[in-house]
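A.B. asks: Quick check, what structure comes out for this input:
(4 chains)
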Amino acid sequence: MVKNLEYRQPRDDVWDHIDLLLDDSLRAFRGEVRQFLRTAVPDETRARLDMGYSATKSEVVAFLKKLSAKGWVAPAWPVEYGGTGWSQLQRFVYTIELGNNAAPSVPPFGTAMVGPVLYTFGNQDQKDLYLPRILSGEDFWCQGFSEPGSGSDLASLKTRAEDKGDHYLLNGQKIWTSKAHYADRIFLLARTGEGARKQEGISFFVLDMDTPGIEIKPIISIDMSHSLNEVFFTDVKIPKTGLVGEAGKGWSYAKFLLGNERTGITNIGRCRRQVARLKRIARASHVGDTPLCADQAFLRDLARIEADLTALEITEIRLLSTGRDSAFANVGPSVLKLKSAEIQQALAELMVSALGPFAAGRGPQFVEAVEDVSDLPQVFFDGALAEYLFGRATSIYGGTNEIQREILAKATLDTLQ
Amino acid sequence: MVKNLEYRQPRDDVWDHIDLLLDDSLRAFRGEVRQFLRTAVPDETRARLDMGYSATKSEVVAFLKKLSAKGWVAPAWPVEYGGTGWSQLQRFVYTIELGNNAAPSVPPFGTAMVGPVLYTFGNQDQKDLYLPRILSGEDFWCQGFSEPGSGSDLASLKTRAEDKGDHYLLNGQKIWTSKAHYADRIFLLARTGEGARKQEGISFFVLDMDTPGIEIKPIISIDMSHSLNEVFFTDVKIPKTGLVGEAGKGWSYAKFLLGNERTGITNIGRCRRQVARLKRIARASHVGDTPLCADQAFLRDLARIEADLTALEITEIRLLSTGRDSAFANVGPSVLKLKSAEIQQALAELMVSALGPFAAGRGPQFVEAVEDVSDLPQVFFDGALAEYLFGRATSIYGGTNEIQREILAKATLDTLQ
Amino acid sequence: MSFLDHLMPSDEAEMIRDSATRFTGAVSESALRQSDGFAAERWAGMADLGWHGVLADDAAGGLGLGAAEAAILAYAAGHARLPEPFVASSVTALTALRTAGVGIDVLAGLVAGSRIFAPVGFGLPVGLATPLSVAPDKEGASLSGTVPLCEVGPHTTDFLIFADGPEPMLARLPSVADGISIAPYRGIDGRHLGKVHLDDCTVGDEAILARGAAARNAVAKAEAFTVAALCADAVGTIDKALVLTRTYLNERQQFGRPLASFQALRHRFADIGVEAELARSMAEMASFAAQTLADPAPLLDRARARICRAAQTVGQATIQLHGGMGMTDEMAIGHYFRRLICLQALLGQEAGSLRLRSAALAAEIDAEASLEAAQ
Amino acid sequence: MSFLDHLMPSDEAEMIRDSATRFTGAVSESALRQSDGFAAERWAGMADLGWHGVLADDAAGGLGLGAAEAAILAYAAGHARLPEPFVASSVTALTALRTAGVGIDVLAGLVAGSRIFAPVGFGLPVGLATPLSVAPDKEGASLSGTVPLCEVGPHTTDFLIFADGPEPMLARLPSVADGISIAPYRGIDGRHLGKVHLDDCTVGDEAILARGAAARNAVAKAEAFTVAALCADAVGTIDKALVLTRTYLNERQQFGRPLASFQALRHRFADIGVEAELARSMAEMASFAAQTLADPAPLLDRARARICRAAQTVGQATIQLHGGMGMTDEMAIGHYFRRLICLQALLGQEAGSLRLRSAALAAEIDAEASLEAAQ
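C.D. replies: Next up is the predicted model:
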């Protein structure tokens, strides 16, 4: 029984109908990616991730090594800095396949966040030092933007870096610092001066995490896992070489960075995998004597999410491929962010609902305790709840749903055409 | 086939489970009401109303005569003015049965709106003149509150009544005046002075609709029916006897009136009848070879609305019966208004969805054209669409959903306990 | 052609879009209200711009283009809420005729705008099974049965009738013929509809355009093109509903400031903006699928479902955002709301579309189980 | 008693509410976090206030009250997110024991707080069928089978086991007995849960409290009271989640003003306030139905469905309104969110409840058809 619920690799000979929208060269490219992932991700890792658990650091490191050897760590970077030269749609397909094949997530802090800032605004020394270590998987980065009390109002940050001539002296506190406890380096925003607007006087720094004066305090999240942190800076010396670009221009670099972030968070591949997982659960889970897959109400919920997911995929393709509809190009990232959060949360909610009474418990002991009860997809219980709980963050991080709606309203309502 | 879809009177021997919450004396009272309605409403009227059509004026007049003879036109009024002396819960049951039995709606403008204002704030002459004519069904009233441009900001009204010594001279315009074309009299708000706040300087008047200078312009609504109007006043003389209460205090009388209005608009009886109607439609309507009542997804939609309706009923009973939870008593009317709008709209939407492709057409010719097509509940088509379209107003009139949410937020969020 | 190419409209497509926008931009609100469901001069104007021949071959006077370009015109029709049967005649009927391989003479009249076809028993609305019975007749066949919903009106010159069954056939009949009677009525959005009743209606051999698999194939192709065009029509209707609402929210003042400054209304507008973009994506996909795929149904069902939901959500929200004004026939928004209701019905509604997708999902789950059992 | 009387709490009920509010008001956040799912002194405190005997007769040291008063206590437990098995032992087990007519000695220990019962195979979660097999044994009976989800923990002193089947029985067993094994685990909200495995577990005649219809009846009554108590627990949890959110929105500043001043957040808060009132109505109805009606299931199914939806909506919205802070275990709101998830599971979830109501609706439709056919 449990066997039937295990992760299945996508079959090349069975196309999802949405795949018919791809052309032959993209399909061939996808085959290549799948082929690589089949061996690059150990079965055990894949099975755990598919259940909804996070990858461990060692799983991520092992996978990064494979990617690094292939040159696929940061496909979006310019070729001169180690990118692949793929088209935007190739990258789209690649990202889908990572999620669809339950590969560990490539930490975005180096590849998608600080990397592009460094090769765009950094000096030669910074590029030479940091970029190769991101590509090799040696350096793990974390992000020091948010502060307690700043919330959606990022520019109200208070951490201060005082120019002491040969170094900056950093004091303040960051929050929501994902994976800080794994990180070798941090990029951060700090106030180096004052301006008429709160967005002025902010600078962008890079810093080693083992610098004296840095203290990390875990934030346990509502799924009872540790992935977020508070980071405290007490008289931390940032060498002058840690300043990226010009002092006082940090806000514009941060906006550049956040703009990159918004297009990468649709998690379509993972959603596809979860639709497939829900289909397997529907087969194994029973309501009385009837399998859940015979319940039209459940099927309609799933079909509705699937239609939403198809719409999201095509919307992302539209954004990547045309770029001619300038109004849409402006709001596209917010559309994707809002909709993908909704779909991810709907999938997790449907999965928890499919657990019925077994959504009451979790933890390894729970999984063990219910593992021999027939007719129920026990192995998914724990992970589904973890995903449901942690997934509430998808409508909060990277700009809450409310912030996204405000961006959309500004772009579509305040400009009378 | 069509026979199966016709209106069915509620059976006394088959209790809706929610009825079990009533005590014996209320159940006996309900039996009495049902008994009366069985003969007071002609079958033809009942059938038409159940299909979703509005009552004609002559149907309303005929029904009011029956009610008048019974003394049931305005149960909520104090006995001295012709009320019944029923408890609040008896009135609740009575109102449900009117809707549940597809009786024509008693126009609220006289009984629920101007009547209570007159017996609370009017002078003896006004009481003697107007109240009996409301109870006898002789006088139809309409309401002149809203104005173009005022929208949810009712107090921004501009219609002015100038004190000319022996009369007021009225100039201005009202909008959304429901049934003005049927009405004998109108009650209205007009500005008789200025104040620091826009709520000041407003007076409350009653006026005959045949007074020279009144012009009525129909507003055709999106269901293509005529029920709303604009009313224009050009140098209309209001006799001094038309002023209700004190000049300048009209806003407080209007608030008193609107407070009464909000508790009477849950339309629970009508919703119950629609649930019953949907059950009959589900039996007759087919999807391929399967009756709609075998579609679990449809049934779940219906079950969800039914649970909502049960919750609404009990919430109204709570509001009527306890009055001890002062926080809830404050927000109760807005809770009922929001939720009843949602339920009424959800029922209409589900009914239209059940029509499938036949929601494309409407009108008497349409009904005739599809009447002989088997297996489809044609007789409901036209009325269902009328209800769906006109029912969009339930979240707009009497304070939009947005206004209700603001009232709720003020009461529950702005007061830290 | 790949989907990516599809997303990059050709210069010709852009020209069609521009000319359609100019054409519909000249249609006044009063003209629309007076046209009573059909305006001959508007139909002729479309003919002049090549609308009716967008899918027809050069030889028939057409433009020889595909579903993407037909979608541009259907979008324009929705945006301007044109009541004429553009989709029914120039997309549904024309695709069936063309796929069945009828002669140029028949198509030429349609393309020129002088012949207006009403599809009967197929195409529109989606998902309404109305089988007609076919009896052999000495001169051809005899048809009987009732189709309760067709896009037919006083303007109709020809019927294109599909009779399913053991011996399916596609036949063309003039609008006045023995054995055919029409009960006319109006769509919720003002378009002409009707019930067509056939009573031993004789169809000569020359009127039978296709039989058997060829007839089925013509109808299937026509239905796919119909869904794609209706989806585009719905997106055009949605877009215009948003434009009207944006204007209203910016112009209308309440409590001393524009409605557009109230956050709750702003966010609701943002949400329907998202719906519009998702609907647009699905319409793009539908026209690609109809044009390109052998079995577009699984994608078209998703498109129908998603676009119906967008139509419902946008229609209801734009009325609500208009407040009391949204309830009046005087404002254009209600007309767009009604068109969205009508389009949902013609598309088979979200519930109907999801019912098909649910059944397909159940079958996919079964197939996976069999596949695994076989391993 | 009529429902109206039910809505008018007695003075005694008000006293119980006040004392419960005082008691839970004294439970500190740190005490809750340290209690690891059960605090003996808190259990004893409840006993002192009469919680465990609220439904027990005077003779057993109880208060002899009903579902309404039990609901007041369950509400308080939810509001303070107490992890102790108040509902499982003091409502579910006690109602079954009392209905089965067990002796005062058994009840007295439960009422005094010295005995804590874990119901096995009935009561909670709602809708989980876990039949145990019963074999006749020389001294009574022998039970076998697995119940994967029970509210059982280190504190449990007694099992109250229901074995359904042709010869149903309700039996009491000590927490340590031959043939019983427990696999303990934790609820998502921290409460103690476990799987109970019975392997030829011998139950002596003296341990069998009821058989046949009497056993079924005891269990049915207990389950109705359980649903009512869980509904009240959920409403208490919801109310506290709203209080925490209200405080947060008023205290937290963003863009220079309190979050509570942003209209989009205000309206979302208003919406969950509506949910809370609907849930409260349904909980009132559930305790009345459990106490009064012979067949409360149709009403209890609606109550479960509606309250689960309210729990889901309120839980998700209050986390969202807390923003990033809502994602941290440090804030209490996440604990309330998890309790709401757990309660939904124990109530059988909205989907499970609506599934039963849908089936009942289908049966009602059939019955009406038969009734009309018979006329």
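A.B. asks: Report how many residues lie close to A:K66.
C.D. replies: Using other Cβ atoms under 10 Å in any protein chain shown, A:K66 has 17 other residues around it. Placement of C-beta: from N, CA and C, glycine included.
A.B. asks: ok, it touching A:A40?
C.D. replies: Yes: at 4.1 Å, A:K66 and A:A40 qualify as touching, with contact defined as Cβ atoms under 8 Å.
A.B. asks: Quick check: nearest residue in space to C:D36, chain neighbours excluded?
C.D. replies: Nearest residue to C:D36, sequence neighbours excluded (Cβ to Cβ, 6 or more residues apart in numbering or on different chains): C:G190, at 7.8 Å.
A.B. asks: Can you classify the one you found as helix, strand or coil?
C.D. replies: coil (DSSP: H, G, I helix; E, B strand; the rest coil).
A.B. asks: for it, what are its contacts?
C.D. replies: By Cβ atoms under 8 Å, 6 or more residues apart in numbering or on different chains, the contact list for C:G190 reads C:36-37, C:83, C:335, C:338.
A.B. asks: now these: which count as buried?
C.D. replies: Using 16 or more other Cβ atoms under 10 Å in any protein chain shown as the burial test, these include C:37, C:83, C:335, C:338 as buried.
A.B. asks: before we move on, which element is A:R300 in?
C.D. replies: Assigned by DSSP states H and E, A:R300 falls within helix A:296-321.
A.B. asks: chain center to the next helix or strand after that helix, what's the gap?
C.D. replies: Downstream of helix A:296-321, the first helix or strand assigned by DSSP H and E is helix A:326-355. The chain centre lies 13 Å from the centre of helix A:326-355; the measure is Cα atoms, centre = their mean, to the nearest Å.
A.B. asks: Who are the packing partners of the helix or strand that comes right after helix A:326-355?
C.D. replies: Using DSSP H and E, the next helix or strand after helix A:326-355 towards the C-terminus is strand A:361-362. Helices and strands touching strand A:361-362, as assessed by 3 or more Cβ pairs under 8 Å, 6 or more residues apart in numbering or on different chains; DSSP states H and E, comprise helix A:378-390, strand D:180-187.
A.B. asks: Can the shortest one be said to contact chain A?
C.D. replies: What it means is strand D:180-187. Yes: using Cβ under 8 Å from any Cβ of the partner chain, we find that strand D:180-187 touches chain A at D:183-187.
A.B. asks: Chain C is nearest to which of the helices and strands packed on strand A:361-362?
C.D. replies: Nearest to chain C among these is helix A:378-390 (15.8 Å), distances taken as Cβ to the nearest Cβ.
A.B. asks: what does the next helix or strand after the closest one contact?
C.D. replies: Downstream of helix A:378-390, the next assigned helix or strand under DSSP H and E is helix A:401-412. Outside helix A:401-412, the residues that touch it by Cβ under 8 Å, 6+ apart are A:152, A:327, A:330-331, A:334-335, A:337-338, A:341, A:395, A:399, C:242, C:246, C:263, C:266-267, C:269-271, C:273-274, D:262, D:264-265, D:320.
A.B. asks: Helix A:401-412 to helix A:326-355, inter-axis angle?
C.D. replies: Using axes from the mean of the first three to the mean of the last three Cα atoms, to 10 degrees, the inter-axis angle of helix A:401-412 relative to helix A:326-355 is 150 degrees.
A.B. asks: Show the average pLDDT along helix A:401-412.
C.D. replies: Mean pLDDT, helix A:401-412: 94.
A.B. asks: which parts of the helix or strand that contains A:E32 are buried?
C.D. replies: Secondary structure from DSSP H and E places A:E32 in helix A:24-40. Across helix A:24-40, burial judged by 16+ other Cβ under 10 Å covers A:26, A:29-30, A:33-34, A:36-37, A:40.
A.B. asks: Show me the shaky parts of the stretch 101-250 of chain A.
C.D. replies: The model of the stretch 101-250 of chain A has no residue with pLDDT under 70.
A.B. asks: Spell out which parts of it neighbour chain D.
C.D. replies: Residues of the stretch 101-250 of chain A lying near chain D (Cβ under 8 Å from any Cβ): A:146, A:149, A:151-153, A:156, A:175-176, A:219-222, A:224, A:228.
A.B. asks: Could I get those in JSON lines, plus columns for neighbour count and secondary structure?
C.D. replies: Shown next, in JSON lines, are these (neighbours: other Cβ atoms under 10 Å in any protein chain shown; DSSP: H, G, I helix; E, B strand; the rest coil):
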{"residue": "A:S146", "neighbour count": "20", "secondary structure": "coil"}
{"residue": "A:G149", "neighbour count": "14", "secondary structure": "coil"}
{"residue": "A:G151", "neighbour count": "22", "secondary structure": "coil"}
{"residue": "A:S152", "neighbour count": "17", "secondary structure": "coil"}
{"residue": "A:D153", "neighbour count": "15", "secondary structure": "coil"}
{"residue": "A:S156", "neighbour count": "16", "secondary structure": "helix"}
{"residue": "A:I175", "neighbour count": "22", "secondary structure": "coil"}
{"residue": "A:W176", "neighbour count": "27", "secondary structure": "coil"}
{"residue": "A:I219", "neighbour count": "20", "secondary structure": "strand"}
{"residue": "A:I220", "neighbour count": "15", "secondary structure": "strand"}
{"residue": "A:S221", "neighbour count": "23", "secondary structure": "strand"}
{"residue": "A:I222", "neighbour count": "22", "secondary structure": "coil"}
{"residue": "A:M224", "neighbour count": "18", "secondary structure": "coil"}
{"residue": "A:L228", "neighbour count": "22", "secondary structure": "strand"}
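A.B. asks: Looking at the residues you listed, which two lie furthest apart in space?
C.D. replies: A:S156 and A:M224 (30.4 Å; Cβ to Cβ).
A.B. asks: hey, C-alpha coordinates of stretch A:308-327 in PDB?
C.D. replies: The C-alpha coordinates for stretch A:308-327 follow below in PDB (Å, rounded to 0.1, in the frame of the first residue of the first chain):
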ATOM      1  CA  ASP A 308      -5.300  27.400 -11.600                       C
ATOM      2  CA  LEU A 309      -1.800  25.900 -11.900                       C
ATOM      3  CA  THR A 310      -2.100  25.700 -15.700                       C
ATOM      4  CA  ALA A 311      -3.100  29.300 -15.800                       C
ATOM      5  CA  LEU A 312      -0.100  30.200 -13.600                       C
ATOM      6  CA  GLU A 313       2.300  28.300 -15.800                       C
ATOM      7  CA  ILE A 314       1.100  30.000 -18.900                       C
ATOM      8  CA  THR A 315       1.100  33.400 -17.200                       C
ATOM      9  CA  GLU A 316       4.800  32.900 -16.300                       C
ATOM     10  CA  ILE A 317       5.600  31.800 -19.800                       C
ATOM     11  CA  ARG A 318       3.800  34.900 -21.100                       C
ATOM     12  CA  LEU A 319       5.900  37.100 -18.800                       C
ATOM     13  CA  LEU A 320       9.100  35.400 -19.800                       C
ATOM     14  CA  SER A 321       8.500  35.300 -23.500                       C
ATOM     15  CA  THR A 322       6.800  38.400 -24.800                       C
ATOM     16  CA  GLY A 323       7.700  41.300 -22.700                       C
ATOM     17  CA  ARG A 324       5.800  43.400 -25.200                       C
ATOM     18  CA  ASP A 325       2.700  44.000 -23.100                       C
ATOM     19  CA  SER A 326       4.400  46.600 -20.900                       C
ATOM     20  CA  ALA A 327       1.500  47.000 -18.500                       C
END
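A.B. asks: quick one: is that stretch near chain C?
C.D. replies: Yes: under the criterion of Cβ under 8 Å from any Cβ, chain C is reached by stretch A:308-327 at A:308, A:310-312, A:314-315, A:317-318, A:321-322, A:324.
A.B. asks: Now pLDDT and distance to D:A360 too, for these, in a markdown table please.
C.D. replies: Listed next are the residues of stretch A:308-327 next to chain C as a markdown table, based on pLDDT from 0 to 100; distance: Cβ to Cβ, whole Å:
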| residue | pLDDT | distance to D:A360 |
| --- | --- | --- |
| A:D308 | 97 | 31 |
| A:T310 | 95 | 35 |
| A:A311 | 96 | 35 |
| A:L312 | 96 | 37 |
| A:I314 | 94 | 41 |
| A:T315 | 93 | 41 |
| A:I317 | 90 | 45 |
| A:R318 | 90 | 46 |
| A:S321 | 76 | 51 |
| A:T322 | 64 | 51 |
| A:R324 | 60 | 55 |
